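>>> Would you be able to build a 3D model of this:
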Amino acid sequence: MSRIGKKTIEIPKNVFVEIEEEKIIVKGKHGVLERSFAKGIYIEIKEDKIFVLRKNDSKNVRSCHGLMRALIQNMIQGVNEKFSKTLIAEGVGYKFQLDKKILILTMGYSHPVKILVPEDITINLESPTRLSVIGIEKQKVGVLASEIREIRPPEPYKGKGIRYENEIILRKAGKTGK
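Take a look at the predicted model:
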């Protein structure tokens, strides 16, 4: 049995969970999330705990068991306290700007790169070289942060580029002269 799938999920006091047929709806102080769950998996709510169970032991159902539990846990955590990723731009002239819902990145190219920020995600500029991507859906926050980082990933010699806050960049030694 899945080690992650058999763990119970605690429901915080200010979060409400509803189950409708093949769909789970989670409501909290930051918003509402809903997701349909895989066939062969059913969810029970007892007191303040959620149990993710499977109907049979087929390979497909077993593979989705832990995944569904993790997705439900992330939904509950997201509506209760938002997810956040911080990005840092390192390099001379590298900076972030925010114009309404458009993020403008000056990353040493011949033109500034513009990214349209989705409605359900918030961008918080802490400084011109530091920005936070905040939202209730963990996947959307991670995807947007990785798209921003992909524009200028950190290079291994000087570490210039866009990196995550706690990311460690392995540095290489430069060329040695004769």
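>>> Just give the nearest non-adjacent residue to Ile136, would you?
Gly78 (4.0 Å; C-beta to C-beta, 6 or more residues apart in numbering). C-beta here means a position set from N, CA and C on the backbone, and glycine is covered the same way.
>>> how's the protein carved up into domains?
As assigned by automatic domain parsing, the chain contains the domains 9-80, 83-164.
>>> will you turn those domains into CSV that also has distance to Gly174 and mean pLDDT?
What follows is these, written out as CSV (distance: least, C-beta to C-beta, whole Å; pLDDT from 0 to 100):
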stretch, distance to Gly174, mean pLDDT
domain 9-80, 42, 90
domain 83-164, 6, 94
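>>> do you know which of the ones you listed lies nearest Lys175?
Ranking the domains of the chain by proximity to Lys175 (C-beta to C-beta) places domain 83-164 first, at 9.7 Å.
>>> To which secondary structure element type does the residue nearest to Ile136 belong?
What DSSP: H, G, I helix; E, B strand; the rest coil gives for Gly78 is helix.
>>> need the contact list for it.
For Gly78, the contact set (C-beta atoms under 8 Å, 6 or more residues apart in numbering) comprises 28, 30, 33, 135-138.
>>> In helices, which of the residues you listed appear?
If you go by DSSP state H, the contacts of Gly78 have Lys138 in helices.
>>> Any chance of the domains of the chain in TSV with distance to Leu170 as columns?
Output for those, formatted as TSV (distance: least, C-beta to C-beta, whole Å):
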stretch	distance to Leu170
domain 9-80	29
domain 83-164	6
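>>> rewinding a little: what about the contacts of Gly78, which are in strands?
Among these, the ones falling in strands (DSSP state E) are 28, 33, 135.
>>> Just the buried residues of the contacts of Gly78.
Among the contacts of Gly78, those classed as buried by 16 or more other C-beta atoms under 10 Å are 28, 30, 33, 135-138.
>>> count of residues packed around Glu18?
11 (other C-beta atoms under 10 Å).
>>> can you pull the contacts of it?
24-25, 27.
>>> Just the buried residues of these.
Ile24.
>>> so which of the contacts of Glu18 comes closest to Phe51?
Ile24 (12.4 Å).
>>> who's the closest one bridged to?
Ile19, Arg35 (DSSP bridges).
>>> Check whether it really touches Ile72, as I assumed.
Yes: Ile24 lies in contact with Ile72 (C-beta atoms under 8 Å); the separation is 6.3 Å.
>>> Many thanks, have a good one.
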